[in-house]
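Enquirer: Only the shape, not the letters, is given here:
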């Protein structure tokens, strides 16, 4: 099983990687030797060699292939051989051309070469569902001059035809997710430069001073009492949740929470969990690794369609009600009541409260957990509050799942490490974390504003969604794109700018779009990154016919 | 599913717990109201109430029941009613009497009330196997005066008849494992008071100063490059293993390593892994949670019986070759060659190198991994080097399992937290960890010597095993005990002293025994704890007939 992690060079070494990649063109490209090709099978041989290099990571997603003319000259073969090989890989969805952006690798794994990830067909009501459309900033559509060649024969709604559909999105997602970039506009990461290093060190000193020796031993798999109390207090102050510290299970981030929840639900016979669509690919993967199916339920301007949820027939659903990922929709009041009614009838809501503490232009939305504690399984983490690298989160489960979750956590790793838990508890109880959050809010709002301004200036065809809260926004292109959004994202990465294509996070039909995180970049970087996107689209030509 | 974790009060609050427990005797004991009993069913009612209180943790393992006379008076029932109820619970294996030690709870879950954990029957060759017998200090057997009553009808080799056999040992083990005690002689914990707090804080300061912002983001699921390099260097210096940092997978301790390995092996169709017997219960549980069966293979004075391993027919075996747990045996040269031959024929050795860095009277034993890297899956951790609370370990896998293990780790929690990894790497690369280890070795040797001296003084019937290395030793009682070793351990816990009964770690027939960790206690505490054991045995009377 090939690992995506071989691309995981440290992000701050991105320049080294760029240099490596620019060297892919040239006489020694992949040490190709046409003498090894069988007679008459040059294009076939070349396609196979390139396929291997993409598959084993020597040509990572986002890297550029040599121009056909250059490679043909290097290999001393006719240019038709190279064009033919590129065409095949393009048809397979492995590579794509984008005008002057060159030909780039867009998918490490082709459809069919690996088993597709399990998923149910969308329900009839879902298939007929219009795309999410809550535009908070409308722009006139625009066409762009210039040719776009070569490009795979695909439509403007890439979801059904995306090369990612048949592949295990896990690996594709992670190889691009972890690829380094000069300007990282990946959603879901807070302002990492603002990590409160001095406060953390002060808290750690206090913790190390006061710790009893047995606290260095094997602890409570649920987490240290201090952090469980701090989390309960935090949720009461910030999320409208009253919880006993005894209910809190400390976990290694939302990723582990989903793995444990999936394991426990499956053991309980509940192996289908509906998810929002569009909805986080990563979240779906982590849950989907443990259970049988994650059928998609459409999201509209009011949030998840509860009528579609009922049609799907799943007994559980994973939601991001406070700030839907990726659309940014807040679950509307009527929809919220509908959903709670569904839960009160026996449904289980898994509430992923991933960035609820970040809001700018609206009051906080209380967590569903506060209303129906025995029907809502709540997940939170510090990944967006402080840093993903802390790998710390929490679960509040309905009583009936609590002991099984503790068992699953214990059998998984015996509990989180003690020291970081205690330091975090110190920061939460001392008010340092709330101070940090307030400072961050101002800074994030400025970056959000820089993003919407840059989109207005450089991407006149884009609609902005979900910018009132959170750390990311979604762009859609109602008039279409000259390529799939995945190809646009891959081309941007080849130019040092990392964004997520909406297609990663959607399985139902949807317009092409991008998901941009704005918390981690400076306003200047954000502007520059969005300008790159605008330039790529300008060069690529008019949108494909719908 | 009841959780053992409700007993997990912080260990340094053990006095509070002791007080709570001493209050179990008295007028309000469990708020029992005989008026609720059906006519003529008083004993039945009382037994049921006690069974419930034991099952739900109100009467935790190790707690004492009121004397029959006292409880009868409190409840205004005849003493026969109480004696009868106690007798039933005794027969079920839930409680046990130990002379003046009173009647104590020894098992939260009775056989049959929960599904037994999966295991194969021991192979014929194993069943006939003599018990581990490598005594490094022989003592004359002794008999002790005094009565032992009441006691469950069980023999002197408790393994087959132990109350733990039918129960999910997980929960029993963990409820006792995590119970607080005044003197903790639990095996597997280093000297926690010696944790290098100042060095840790210095390293953390350096790490926080030098860290790039992206390092606070989502990292490589294999671990930070710095720690993987430091681990590779450490293994080269200390364990005779040459490994590329790219091969190192950082995990949340050996517990997670076993969970991931189990998951990956099962997915590969390898769902039976043989284990040593005696062998670590915790290790077996973590692995056994993911795979189908962990058949026992006997250990003798030379280590695991490779002929029995062949007879079992498993394609993989989990081993502790450097210092077998719990016997302390070092895998002998001939046996080592036999085992490597078995591996070279296609067997997979999972080498749990859990405390190999701790040795006193003999040279280090090189790891098997160094000899056959493609047939040995190596696990190490800092739980015995520094502290279990760090939840940090590593895996070196044969190439064929490497990518699948990285995937499993990623889907489990996206990788260990970054900061503690970097601090640990700093301590390893700066030499601070090796300095710590040298200091600890001197201190541990002193404690080891205090232990063997106290055993000679207070437990004249005990044989000491495996004291040349590691952080624990094993005692066996060749002439038998007046009770099962589990009952002895429970009685000791009721007197504030925590040790492991050998029965926990053995499924094949074996003499009664105890496993004592000596690293975490001062020589004075060790002496006192062993004196308590000696006193309990003296009071309990002569050994049961064999």
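Expert: Arrived safely, thanks for sending. In this text the structure is predicted, and so the values were computed from the model without any measurement.
Enquirer: can we go C-alpha only for contacts and neighbour counts from here?
Expert: Fine.
Enquirer: contacting residues for residue A:227?
Expert: Taking CA atoms under 8 Å, 6 or more residues apart in numbering or on different chains, we find residue A:227 in contact with A:250, A:421-422, A:424-425.
Enquirer: Could you rerun that using 7 Å?
Expert: Counting by CA atoms under 7 Å, 6 or more residues apart in numbering or on different chains, residue A:227 makes contact with A:421-422, A:425.
Enquirer: Repeat that for residue A:256.
Expert: Residue A:256 touches B:412-413, counting by CA under 7 Å, 6+ apart.
Enquirer: How about the secondary structure of it?
Expert: helix (DSSP: H, G, I helix; E, B strand; the rest coil).
Enquirer: about what we covered before: now, the contacts of residue A:227 that are in helices?
Expert: A:421-422, A:425 (DSSP state H).
Enquirer: Export these to a markdown table and append columns for pLDDT, distance to residue A:457 and neighbour count.
Expert: Converted to a markdown table, those look like this (pLDDT from 0 to 100; distance: CA to CA, whole Å; neighbours: other CA atoms under 10 Å in any protein chain shown):
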| residue | pLDDT | distance to residue A:457 | neighbour count |
| --- | --- | --- | --- |
| A:421 | 98 | 44 | 23 |
| A:422 | 98 | 46 | 24 |
| A:425 | 98 | 43 | 23 |
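Enquirer: As JSON lines, the residues you listed with distance to residue A:439 would be great.
Expert: As requested, the ones in helices among the contacts of residue A:227 are exported to JSON lines (distance: CA to CA, whole Å):
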{"residue": "A:421", "distance to residue A:439": "23"}
{"residue": "A:422", "distance to residue A:439": "23"}
{"residue": "A:425", "distance to residue A:439": "19"}
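Enquirer: from these, which is closest to chain B?
Expert: residue A:421 (10.5 Å; CA to the nearest CA).
Enquirer: follow-up on the earlier one: so which of the ones in helices among the contacts of residue A:227 comes closest to residue A:536?
Expert: residue A:421 (44.7 Å; CA to CA).
Enquirer: Enumerate the residues of the stretch 201-350 of chain A near chain B.
Expert: Proximity of the stretch 201-350 of chain A to chain B (CA under 7 Å from any CA of the partner chain) is limited to residues A:201, A:205, A:208, A:213-214, A:216-220, A:252-253, A:255-256, A:259, A:286.
Enquirer: So which bits of the longest helix seen in chain A are buried?
Expert: If you go by DSSP H, chain A has its longest helix at helix A:432-458. By neighbour count on 16 or more other CA atoms under 10 Å in any protein chain shown, the buried set for helix A:432-458 is A:432-434, A:436-437, A:440-441, A:443-445, A:447-448, A:450-452, A:454-456, A:458.
Enquirer: Can you name the next helix or strand after it?
Expert: Per DSSP states H and E, the first helix or strand lying C-terminal to helix A:432-458 is strand A:463-465.
Enquirer: List the buried residues of that next one.
Expert: Quick answer for strand A:463-465 (16+ other CA under 10 Å): A:463-465.
Enquirer: Redo the residues you listed as TSV? Include pLDDT and distance to chain B.
Expert: Output for the buried residues of strand A:463-465, formatted as TSV (pLDDT from 0 to 100; distance: CA to the nearest CA, whole Å):
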residue	pLDDT	distance to chain B
A:463	96	28
A:464	96	25
A:465	96	25
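Enquirer: So what's the gap between stretch A:423-437 and the chain middle?
Expert: 27 Å (CA atoms, centre = their mean, to the nearest Å).
Enquirer: which residues sit against that stretch?
Expert: Residues contacting stretch A:423-437 (CA under 7 Å, 6+ apart): A:200, A:203-204, A:207, A:226-227, A:230, A:385.
Enquirer: could you redo the last one with a cut-off of 8 Å?
Expert: A:196, A:199-200, A:203-204, A:207, A:226-227, A:230-231, A:234, A:357-358, A:385.
Enquirer: Same question for stretch A:196-205.
Expert: For stretch A:196-205, with CA under 8 Å, 6+ apart as the criterion, the contacting residues are A:419-420, A:422-424, A:426-427, A:432, A:436, B:201, B:204-205, B:208-209.
Enquirer: For the residues you listed, which two are the farthest from each other?
Expert: A:436 and B:201 (22.4 Å).
Enquirer: Just list the residues touching residue A:267, thanks.
Expert: So residue A:267 contacts nothing (CA under 8 Å, 6+ apart).
Enquirer: Can you give the distance of the helix or strand containing residue A:412 from its chain's centre?
Expert: Element membership for residue A:412, per DSSP H and E: helix A:399-413. Relative to its chain's centre, helix A:399-413 lies at 27 Å (CA atoms, centre = their mean).
Enquirer: and that helix, does that touch chain B?
Expert: Yes. Helix A:399-413 reaches chain B (CA under 8 Å from any CA of the partner chain) through A:403-404, A:406-407, A:411-413.
Enquirer: Got a quick ChimeraX command for the buried subset of the contacts of stretch A:196-205?
Expert: What follows is the ChimeraX syntax selecting those of these that are buried according to 16+ other CA under 10 Å:
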select /A:419,420,422,423,424,426,427,432,436 /B:201,204,205,208
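Enquirer: if we can go back for a sec, make a markdown table from the contacts of stretch A:423-437 and add pLDDT and secondary structure to it.
Expert: Shown next, in a markdown table, are the contacts of stretch A:423-437 (pLDDT from 0 to 100; DSSP: H, G, I helix; E, B strand; the rest coil):
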| residue | pLDDT | secondary structure |
| --- | --- | --- |
| A:196 | 97 | coil |
| A:199 | 97 | helix |
| A:200 | 98 | helix |
| A:203 | 98 | helix |
| A:204 | 97 | helix |
| A:207 | 97 | helix |
| A:226 | 97 | helix |
| A:227 | 98 | helix |
| A:230 | 97 | helix |
| A:231 | 97 | helix |
| A:234 | 95 | helix |
| A:357 | 84 | coil |
| A:358 | 85 | coil |
| A:385 | 93 | coil |
